[in-house]
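>>> sequence first, predicted model second:
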Amino acid sequence: MNSFVRSVLATCVLGVVPLAASAACPPLLNQQMKTLEGKPLDLCQFQGKAILVVNTASKCGHTPQFEKLEGMYKQYKDQGLVVLGFPSNDFRQELATNQEVGDFCRMTYGVQFPMAEKTSVTGDGANPFFKSLAELTMEPPTWNFHKYLIAPDGKTVYSFATPVAPDSPQVMAKLQPMLKK
């Protein structure tokens, strides 16, 4: 019996799932977007990691949270944290172009974590990723710098309102157990 036949029999008889199927991207992360630079951004690449998702705006009173977000990214990225920024003008506080947003974030706050292109994060026009986050948590963003923490399982999501600092005790209590030691 050749290896292909053994594999098919094992799958059918024993219920063994091929490796590729077991590593399938969770539906929440099965999203294709673009970065501020226009490059492809496949959220599946972050499966198995803790992901802190934030809708951002360059001209908001909460914009200094970029500093804490970047600090967390640098401190914990080797332990499995990804910070993902989603610039949005839904609350009328974002710069006009992706280029301006990128330049502002890099030059003002030294942002190195991944940033998606400008997008809508609220209402009917929200991108599918933010629609899913809002549905899962029952908490859509009501202002800039709303945070969602996605567990490495790609299914568990926690929501944190704008005033909650990224490194607050509430966020860290959920994040710390997700980090690799």
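Nice, I can see it. Numbering: from 1, shown residues only.
>>> enumerate every residue touching the closest residue to residue 163 other than its chain neighbours.
Nearest non-adjacent residue to residue 163, counting by CB to CB, 6 or more residues apart in numbering: residue 62, 7.7 Å away. In this view, the C-beta of every residue, glycine as well, is placed from N, C-alpha and C. Applying CB atoms under 8 Å, 6 or more residues apart in numbering to residue 62 gives the contacts 143-145, 162-163.
>>> now residue 62, what's its secondary structure?
With DSSP: H, G, I helix; E, B strand; the rest coil as the basis, residue 62 sits in coil.
>>> read off the pLDDT value for it.
With respect to pLDDT, residue 62 has a value of 97.
>>> is the residue nearest to the spatial centre of the chain bridged to anything, and to what?
For the chain, the residue nearest the mean C-alpha position is residue 53 (3.9 Å; CA atoms, centre = their mean). Listed beta-bridge partners, residue 53: residue 84, residue 148 (assigned using DSSP bridges).
>>> any idea how far it is from residue 160?
Remark: distance between residue 53 and residue 160 (CB to CB, to the nearest Å) = 10 Å.
>>> overlap of the contact sets of the two?
The contact sets of residue 53 and residue 160 overlap at 147-149 (CB under 8 Å, 6+ apart).
>>> could you pull out the strands for the protein?
32-34, 40-42, 50-56, 81-87, 147-150, 157-160 (DSSP state E).
>>> out of the helices and strands in this protein, which is least certain?
Within the chain, no helix or strand scores below helix 3-14, which has a mean of 38 by mean pLDDT, DSSP states H and E.
>>> filter the contacts of residue 62 down to the buried ones.
By neighbour count, with 16 or more other CB atoms under 10 Å, these hold 143-145, 162 as buried.
>>> return the subset of those lying in helices.
Judged by DSSP state H, these include no members of helices.
>>> for residue 44, what are its contacts?
25, 29-31.
>>> any chance of the residues you listed in a markdown table, with pLDDT too?
Below are those laid out as a markdown table (pLDDT from 0 to 100):
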| residue | pLDDT |
| --- | --- |
| 25 | 95 |
| 29 | 97 |
| 30 | 96 |
| 31 | 95 |
